[in-house]
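# Got a predicted model here, sequence first, then my questions.
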Amino acid sequence: MAIIRGEPHKPDEKYVKYDKSDLIKGREFKVHQQTHNRVNLTKFRIPLMHLVTGEEVDKNYRWEPKLSDHAISVKELKPHGQSVTAGTNVVVFCEGEGATDTVEAIMGSLTLKAQGLHGQTVPTGKVLKALYYDVSCFIFWPDADPPGIAAMEKLSQDLVEFLPEVKQGWVKIPPNAQVKDDAVQLATQVEELVTAAIESAEPTKRRNVEEVLAEEYNEEWPEPVPDEFFYGVLGRITRKLCAYSEADPHAVFMTAATAVPLFLGIQPNQPSPYHSTTRLYSLVVGRAGIGRKGTSWKLVEEFILKPLAERLGKQDTLKDALCSNISSGEGIPYRFKDPDSPRNQLFYVEEFKSVFTSMAREGSKTADYIKTGFDGGKLDVPTANNPIVAHGCHFGILGHISPKELRQSTKDIYSSNGFLRRWFFVASKKGKKFDDYLPQGIIDLELEDLAECISAAVLCGRVLMDDDAKSLISELKDEFEPKNDSFLSDIKSEATTPLLRLALVVALLDRKNHSKVMAGPVGIGHATPDPIRNDEQLIKLVHVKSALAWVRYSHESIQHVYGDRQFSRYGRKLLDYLEQTVGGELTQSDVYRKVFSGNLTSDDLKPIFRELLEAGVLMKQKEKSDKGPDTIIWKLKGIHSAG
């Protein structure tokens, strides 16, 4: 279908007669619809007529307003030769009339048309869709110089944005060509070059936000924890299970480290000034479908917790201790309201976003109960009819959440009030390409070892660190001291607390610490003279180093989710780009094209601008335009300006 440029019809206007040849060449003319008094602005196919003779021109022609009616620059795609018609499959874009006419003369047909690029701005949106609604392949043949290539690249990006399903290909200029050689100078090779470009053309479907995030998700992945810090029996079990599973080893190890203290209880602890217990909170963060969060839990539940409970004779304890209802807040103290209820619990929350939703409700005490439980305080629900007061509660929390949900759910208050400081964050993604059958009994020896360590560990009371471990902890306190007011610095400020707790768990599950207690591979506890082992220096330097590696992985996981927040990842990306820009400013169009390569929509950009505006680091300006809409300019503010 050909495109005819026109203007809205005015009934009292006098018209000039145009030849049919003028219409075919695409010159501007005035038309009206046969059955209506005004031009149809919705661009439906309509029959066109000469305004004087009433002669119908062609039912396949379609009226379209001038580009200026769309507030688009009049520097536009300027067709040479014949217009793009219905049935055209390939459009070859050339620079200049000579090149365009050469390609058209050599290769022009009903299915291939050449068009010239005039100026460096092209129409977008509905205009592009209307121009090329039935084309299946675009071929670009710029002049072999930077301006020509830049103009074609801009056109290519616009076409990807609005016609994402159409393939694109580029003519590869022969090595012996001169800088200004185009189709005119290379006329003898035109058919060969264009045909090769068509054959090599590929789909250029516009990536959506999630696809862009997925790419960045892998590029910015935290450095894996070294194998040596998958320490002890939990590390050995993790390696064996993950050899046959898609689960992420990091998620499996920390899931196990959070769940196994269910069998250790509240008794093994570090005394003042550390006040550490085996209570751990872990949040496994992974994208839906590729994070394999649920896979890691299933491995731990089926192959560690249940067999371990059987070996320890605690099957009923495990059944009573697993719970998933903490989103209501009161669900936590409710589990301990009965004095005879198990004091050791494990809350597994598959959709942890529900917990953040509960915390955001006005008057919610969910965050308070979670923090109090971590610190070992009294859980108190002061209702008038059925008050609950629970003491001696020992529970861990394991949650699953996607990066997007975590970013959307967490606010500054959750770090400033200490909520997020209590957690291990574990970035998780698919490990192996596929699951495999797990050989029967593959971790039986490790489970026996783990059961023996737990049976010996529950005889411990006060657990101390040796001097080397204390020295490292002292150094780390200085390292984690906040250096600024950023989001990450605040979360890291109390990192020694979860570090010491994980170090305690690792030390308690280290068989080397229980050699005096274990009388052989099966006998447990017969060699200890006292029922409780106090003040033994079980936490060694190796245990602290192992826990430190996992704390660093947790911090890198936060970095992976939030960027360096204070700001979101995209907010940081925009700030970084502006800081490298002369004057520290960009038009909104440049933000769309240069910073985010056209992969974010205007709706995606709004929260990014809002975030930086609210933080006071960005300002918005408008420049008036006589010919079109105002130009929006985004500029760094204050000390962030590049000057």
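Nice, I can see it. In this text, all values refer to a predicted model and were calculated from it rather than measured experimentally.

# who's in contact with Ile198?
90, 137, 139, 169 (CB atoms under 8 Å, 6 or more residues apart in numbering). The way it works is simple: take the backbone N, C-alpha and C, and place the C-beta from them, glycine included.

# So for the helix or strand hosting it, mean pLDDT?
Using DSSP states H and E, Ile198 sits within helix 190-200. Taken as a whole, helix 190-200 has a mean pLDDT of 88.

# Also stretch 603-620?
Stretch 603-620 carries an average pLDDT of 82.

# picking up where we left off before, return the distance of the helix holding Ile198 from the chain's centre.
Relative to its chain's centre, helix 190-200 lies at 38 Å (CA atoms, centre = their mean, to the nearest Å).

# For it, could you pull out the residues that count as buried?
190, 193-194, 197-198 (16 or more other CB atoms under 10 Å).

# any idea of the pLDDT on the closest residue to Ala427 other than its chain neighbours?
Distances taken as CB to CB, 6 or more residues apart in numbering place Ser557 nearest to Ala427, at 3.9 Å, with adjacent residues excluded. pLDDT, Ser557: 90.

# With adjacent residues omitted, what lies nearest to Lys573?
In space, Lys573 is closest to Val595, 6.6 Å off (CB to CB, 6+ apart).

# How about the contacts made by Val103?
92, 94, 114, 141, 183, 190, 194.

# right, and the helix or strand after whichever strand or helix holds it?
In this structure, Val103 sits in helix 97-107 according to DSSP H and E. For helix 97-107, the following helix or strand on the C-terminal side (DSSP H and E) is strand 112-117.

# From the chain's centroid, how far away is that next one?
On CA atoms, centre = their mean, the centre of strand 112-117 falls 39 Å from the chain's centre.

# same thing with stretch 534-544?
How far stretch 534-544 lies from its chain's middle: 39 Å, per CA atoms, centre = their mean.

# One more: stretch 144-153?
Relative to the centre of its chain, stretch 144-153 is centred 33 Å away, using CA atoms, centre = their mean.

# Tell me the confidence at the nearest residue to Val542 once chain neighbours are set aside?
Counting by CB to CB, 6+ apart, Val542 lies nearest to Tyr231, which is 7.0 Å off, once chain neighbours are set aside. We note a pLDDT of 94 for Tyr231 in this prediction.

# can you tell me how far Tyr231 sits from Asp630?
Tyr231 sits 61 Å away from Asp630, going by CB to CB, to the nearest Å.

# try Asp603
Distance, Asp603 to Asp630, using CB to CB: 20 Å.

# Over to Gln157?
Relative to Asp630, and taking CB to CB, Gln157 is found at 23 Å.

# Neighbour count for these two, which is higher?
Higher neighbour count among Gln157 and Asp630: Gln157, with 18 against 10, using other CB atoms under 10 Å.

# What strand or helix carries that one?
helix 146-162.

# For that helix, list every residue counted as buried.
So, applying 16+ other CB under 10 Å, buried residues of helix 146-162: 148, 151-152, 155-162.

# picking up where we left off before, so the residue nearest to Ala427 is in contact with Phe425, correct?
Yes. Under the criterion of CB atoms under 8 Å, Ser557 makes contact with Phe425 at 4.2 Å.

# what touches both of these two?
Residues touching both Ser557 and Phe425 (CB under 8 Å, 6+ apart) are Val285.

# picking that back up, got TSV for the contacts of Ile198, with secondary structure and distance to Tyr553 too?
Formatted as TSV, these follow (DSSP: H, G, I helix; E, B strand; the rest coil; distance: CB to CB, whole Å):
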residue	secondary structure	distance to Tyr553
Val90	strand	52
Cys137	strand	47
Ile139	strand	48
Gly169	strand	44
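
# Same list (those residues) but as TSV, adding distance to Glu246, neighbour count and pLDDT.
Output for the contacts of Ile198, formatted as TSV (distance: CB to CB, whole Å; neighbours: other CB atoms under 10 Å; pLDDT from 0 to 100):
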residue	distance to Glu246	neighbour count	pLDDT
Val90	43	22	88
Cys137	39	20	89
Ile139	42	25	90
Gly169	37	21	88
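
# Closest to Lys624 out of the residues you listed?
Minimum distance to Lys624 across the contacts of Ile198 is 39.4 Å, recorded for Ile139 (CB to CB).

# Who is that closest one paired with across the strands?
Beta bridges link Ile139 to Val92, Gly169, judged by DSSP bridges.
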